[in-house]
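Student: Compute the structure for the input listed below.
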Amino acid sequence: MGLFNHHHLSDKLFGNDSNQDQDNSNDSNSNNSNVSEYSRPAMPLPTDINNQNGSNNNDNNNDNNNDNNNDNNNIIPAIPNVMGKQAQTSNNDESIVTNQLSKITISCDDIFDTPLSYDAPLDVFPRVAHEISLPKGTDSNNLPVETNKFYGNMLLGGQQCPVWTHPYSVWFSKDQPFYGLAVAYIKASQRVFGGGSPPQFYFNPTGIKSLIFGSTEFDSNGATLSLSNMKHMSVETYLKKSDNEFIQFPLIQGMGFVTAIYQNLTPKLTSAVLFRTFNQIDSPRDNIKKYEILLENDVKWWLYVTIPNGSSMDFSMKDPTTIMGSNVSNGCILQVVVDTVPEIDNAAGCYPIDCILRGSTTDSVGNYSFNYSTKGTSNSNSTLMYALPHQVELFTDKTAPKSINSMLDATVGGKMKGYITNIFDMNVSIPSKLQFDPFTTIDGKGDPNYSEDVLNSIKKAATKDIEGDVINESNIDSMYTSGKIFAKFAWILYCCQYVLKDQNLVSKLMPKLKEAFARFVQNKQLLPLQYDTTWRGLKSSGEPAQDFGNAYYNDHHFHYGYHVVAAAILAKVDNDAGDKNWLQQNKSWVECLIRDFANPSDKDPYFPVFRSFDWFNGHSWAKGLFESGDGKDQESSSEDVNASYGLKLWAIVTGNSKLQQIADIELGVMRRSMSHYFLFSNDNTTQPANFIPNKVSGILFENKIDHTTYFGNELQYIQMIHAIPIIPPSSFIRTPTFVREEWDEKLANLVGNVNDGWKGIIMLNLALCDPQSSYSFFNDQNFPPQYLDNGQSLTWSLTYSGAFL
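Tutor: Residues are numbered from 1 along each chain as shown. The predicted structure is shown next:
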């Protein structure tokens, strides 16, 4: 499988000759022409699960999508006018619940302080060095290095692609006279939309060098960009002329100031937008000077300069491109902020350098907090931070009262609200009752309840499905596809054991599933895993283009998440109906996978902390070690959910209460974040109004949203990559209200023309709001097997849809 270059922007847009130093820039990548922006392999298409020869047929038969005369179209049931609804759907009800959550105080052991293991990865994984090495001068302190975090571009290639801290982006500008760390803030009014109505995409211009932190000493020989203290929510960045001459930039997600600390250098600020005016204004503190900067694009910035005791420093505008410091400084702190409300003065002089994540749960509420370590002093003894919409909804009384009258635009995350605080403390509703059984949030529906007729249909399907050849089907060169197949058969096994309670069926399927799994536990699959000693993680032994970029840390939570779900189900069934040895024999292998993508603690020396999940943004990033002019991205929000759900199931079978709490909080956070950034109900106010009719993001980048996929532009691909797989937490994330809207606006008129595995995904997704119509579709006696994705079984489809009739 080759690398797929993304096709979302037209050649016309890519070819635009725009001035990146002006606000009307309309090419998000023109400043990074040397970057292979979409060098990321495609996701697979659904395949026929009845292919019993073990081949992985990814051919998609879309030639028949426009054939309205296909006889099988007649089995689509009529959809009633009234479908299930979520119990609480109004904004008023939601605000009441949020207000109640903010009052709850949770106090117990921190769930993030305990690693799954201190042990080295199993010896079955060969040790190798990664072909991508760390940049020269980067100090890992002999610790694992993050691969999927916001500052990833600074570790790759020429180190010149932007990183997004939100609301700012920063990058290493090597162009004279604008040499240094460039800073940009993009207003919502600058976004570029394209691709039709509704727009297929929107992006934020990049490369607008509003301000550049530099030094006169950089004018001749430049500087080296290096990183240290690389953590999952923060990093220390340096521009070094020498070991004693450097600028330090603490980069923290949500930071309100871009802060530069100068050591033995003469400060210099430049702007490619050009300075119109530069004036000193009233200062908030004795040791701080405050300046107002007005750029030629009419954007106003404030500059705060904290001067060390016993030192002096003045600034003056030399020309429209340059503001100069008066002398060499040792410890002078420069801070810039793009908003100019007076309250910001109270935070000037203080800046965050680190963020400690803490959390705990009780009953149906989870608490998690970002605890910022700071340096410097301010009038408030706190710094300035900006919060995303989903965070603002969740703030407790520890943080909410600290807000100020400042709103700045995030690139794809709506309006960010300013807070003068050293803590983001949040309470979130968690799905504490969600376990293995089918689950729904449809109003009036409770626990699964199966009639005899439904059980008979499930048994008929299961009797056939257990004959599937899981051993050969899973024998493929993809951790992703093999994981889907394992999960498919594991859910069939679950149905046989806990729904049908048929030990005969269990005894036929479980040994085959164990044998198939053993191939991977022994690392004898077609592309064995390796332990990478450079970045520290489990990666494919394949080429970068194989297995969707697994070798470069793409999609690990997708790939390994399926394996973890399957392992949890297999362990549970074995404990209840088998020899009770499988869990103990395979626990270390499964937990190596978990540690790779979801290690909760920096006490584990072998894997980075939360490689995939971004606690600030509230969801995972799938892109690994690939430079990107638009930052990290994620295509499948639902497979992100599947990964966290896998953590919860594994925690249940192993009795790991802390991991279970982490998984619950992740799911609770994703329910909030995805309703803002991935899944667009009609009342969504975070995304641009003209983009809401797309209903889903498609691919969400840090800097843009593109309503497409990496593997094609068919509508069923785009919508349903955010639904697959339909599992118990699907209804918690994809609410009945949202699913009904998406059905009415996107899918109802489409599904009759879809004649491959996407049809089954669409129709099982319908069970999230209308289980009866979904069940009727799958319960057809002549159900065509080509309507099932290679990770979907008829047994599970009937079990899930039939649980809530």
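Student: can we go C-alpha only for contacts and neighbour counts from here?
Tutor: Fine.
Student: Now do the strands in the stretch 451-600 of the chain.
Tutor: Taking DSSP state E, counting those that start in this stretch as the criterion, the stretch 451-600 of the chain contains strands spanning 529-532, 537-540.
Student: Relative to the first one, what are the paired strands and their orientations?
Tutor: Put plainly, it is strand 529-532. Sheet partners assigned to strand 529-532 using DSSP bridges are listed as strand 127-128 (parallel), strand 537-540 (antiparallel).
Student: Adding distance to P144, mean neighbour count and mean pLDDT, write the strands of the stretch 451-600 of the chain out as TSV.
Tutor: TSV is the format used below for the strands of the stretch 451-600 of the chain (distance: least, CA to CA, whole Å; neighbours: other CA atoms under 10 Å; pLDDT from 0 to 100):
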stretch	distance to P144	mean neighbour count	mean pLDDT
strand 529-532	10	24	99
strand 537-540	8	26	99
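Student: got JSON lines for the ones you listed, with distance to T411 too?
Tutor: Compiled in JSON lines, those are given as follows (distance: least, CA to CA, whole Å):
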{"stretch": "strand 529-532", "distance to T411": "33"}
{"stretch": "strand 537-540", "distance to T411": "30"}
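Student: circling back: could the strands paired with strand 529-532 be laid out in a markdown table, adding distance to I733?
Tutor: Conversion of the strands paired with strand 529-532 to a markdown table gives the following (distance: least, CA to CA, whole Å):
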| stretch | distance to I733 |
| --- | --- |
| strand 127-128 | 38 |
| strand 537-540 | 29 |
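Student: What does the most centrally placed residue in the chain show for phi and psi?
Tutor: Nearest residue to the geometric centre of the chain (CA atoms, centre = their mean): S620, 2.2 Å. The phi/psi pair for S620 (degrees, to the nearest 10) reads phi -90, psi 160.
Student: I'd like the distance between it and Y677.
Tutor: Between S620 and Y677 the distance, using CA to CA, to the nearest Å, works out to 12 Å.
Student: How about H232?
Tutor: Relative to Y677, H232 is positioned 21 Å away (criterion: CA to CA).
Student: ok, these two, which is more surrounded?
Tutor: H232 (29 against 25; other CA atoms under 10 Å).
Student: that older thread, and the residue nearest to the centre of the chain, what does it touch?
Tutor: Contacts here follow CA atoms under 8 Å, 6 or more residues apart in numbering; on that basis S620 touches 612-614, 634, 640.
Student: So the residue of the chain positioned farthest from its centre, which state does it fall into?
Tutor: For the chain, the C-alpha lying farthest from the average C-alpha position belongs to G310; by CA atoms, centre = their mean, that distance is 46.4 Å. Here G310 takes the coil state, with states given by DSSP: H, G, I helix; E, B strand; the rest coil.
Student: what's the weakest-modelled helix or strand in this protein?
Tutor: Per-element confidence for the chain was summarised using mean pLDDT, DSSP states H and E. The lowest value among helices and strands belongs to helix 11-14, with a mean of 26.
Student: Let me know the secondary structure of Y419.
Tutor: When the structure is reduced to helix, strand and coil (three-state DSSP), Y419 reads as strand.
Student: can you list the domain ranges for the protein.
Tutor: Dividing the chain into domains by automatic domain parsing, as the record does, gives the ranges 34-47+432-804, 159-348, 354-429.
Student: To F150, which of those domains lies closest?
Tutor: Taking CA to CA as the criterion, domain 159-348 is the member of the domains of the chain that comes nearest to F150, at 6.0 Å.
Student: Go ahead and confirm P205 touches S189.
Tutor: No - between P205 and S189 no contact is recorded; they are 10.9 Å apart, counting by CA atoms under 8 Å.
Student: out of the two, which sits in the busier spot?
Tutor: Neighbour comparison, P205 and S189: the larger count goes to P205, with 30 against 10 (by other CA under 10 Å).
Student: Show me the shaky parts of the stretch 151-300 of the chain.
Tutor: Within the stretch 151-300 of the chain, no stretch has pLDDT under 70.
Student: any idea where the strands of it begin and end?
Tutor: For the stretch 151-300 of the chain, strands defined by DSSP E, counting those that start in this stretch occupy the ranges 163-164, 169-173, 180-184, 192-194, 201-203, 211-215, 224-228, 234-242, 245-252, 258-265, 267-270, 275-281, 288-295, 300-306.
Student: of all these, which lies closest to N703?
Tutor: Distances from N703 to each of these were compared by CA to CA, and the smallest falls on strand 201-203, at 6.1 Å.
Student: Tell me the helices and strands packed up against the closest one.
Tutor: For strand 201-203, the helices and strands in contact under the criterion 3 or more CA pairs under 8 Å, 6 or more residues apart in numbering; DSSP states H and E are strand 192-194, strand 704-706.
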